[in-house]
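1. The sequence isn't on hand, but the structure is:
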């Protein structure tokens, strides 16, 4: 037995990735978690990392005798998956978001010569003046809570509408999550 990732939009219907790879791999033969792993109900968030406590056993599921211990696995916050771009770069456009303040909190990591930039778009896909990729202050490094900003302090107003889309540009980077900041 092993653990797998599943997700749900409504807590009724659940989906797993098609490969069904283990989320926490079992240990090698003879290790305490070589045959079965049972995870706790939810991870614990400590200092920007998710801690997954689990029970590991060195015998098969139907065994009457068992030896077990408690293990721990860690993952960066929101590190279940990411949008990734290599040297060639890439981009993605978000769903509609409420964007009042010219800041977007991102959880991202970049590699050598990598960056994350963004631009704010109206609902027709037009760039809001002052919020283009060239106006964005690029993010480099590794942070679970970086405020991506533009060179202007103005609000991204578009005929008094606050609903926008965000186009992220990545090169040698992973973006794990984002949160538009609004008041």
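-> Thanks, I have the structure now. Bear in mind the structure is a predicted one, so any value in this text is a computation, not a measurement.

2. pull the helix or strand with minimum mean pLDDT from this structure.
-> Between all helices and strands in the chain, the lowest mean by mean pLDDT, DSSP states H and E belongs to strand 97-98, at a mean of 83.

3. All the strands of this protein, residue numbers only.
-> Assigned by DSSP state E, the chain shows strands spanning 36-39, 44-46, 49-57, 68-76, 83-85, 90-93, 97-98, 103-121, 142-149, 163-180.

4. need the ones you listed in a markdown table with mean neighbour count and distance to residue 7, can you?
-> All C-beta spots, glycine's among them, are computed from the backbone N, C-alpha and C. Shown next, in a markdown table, are the strands of the chain (neighbours: other CB atoms under 10 Å; distance: least, CB to CB, whole Å):
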| stretch | mean neighbour count | distance to residue 7 |
| --- | --- | --- |
| strand 36-39 | 18 | 15 |
| strand 44-46 | 10 | 18 |
| strand 49-57 | 17 | 15 |
| strand 68-76 | 14 | 15 |
| strand 83-85 | 18 | 16 |
| strand 90-93 | 13 | 19 |
| strand 97-98 | 14 | 20 |
| strand 103-121 | 20 | 17 |
| strand 142-149 | 16 | 20 |
| strand 163-180 | 20 | 14 |
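
5. And the ones you listed: which comes nearest residue 14?
-> Nearest to residue 14 among the strands of the chain is strand 36-39 (15.3 Å), distances taken as CB to CB.

6. Check which helices and strands that closest one sits against.
-> Helices and strands touching strand 36-39, by 3 or more CB pairs under 8 Å, 6 or more residues apart in numbering; DSSP states H and E, are strand 49-57.

7. Bridged to the closest residue to residue 143 other than its chain neighbours, which residues?
-> Closest residue to residue 143 apart from its sequence neighbours, by CB to CB, 6 or more residues apart in numbering: residue 108 at 6.7 Å. For residue 108, the beta-bridge partners are residue 143, residue 175 (DSSP bridges).
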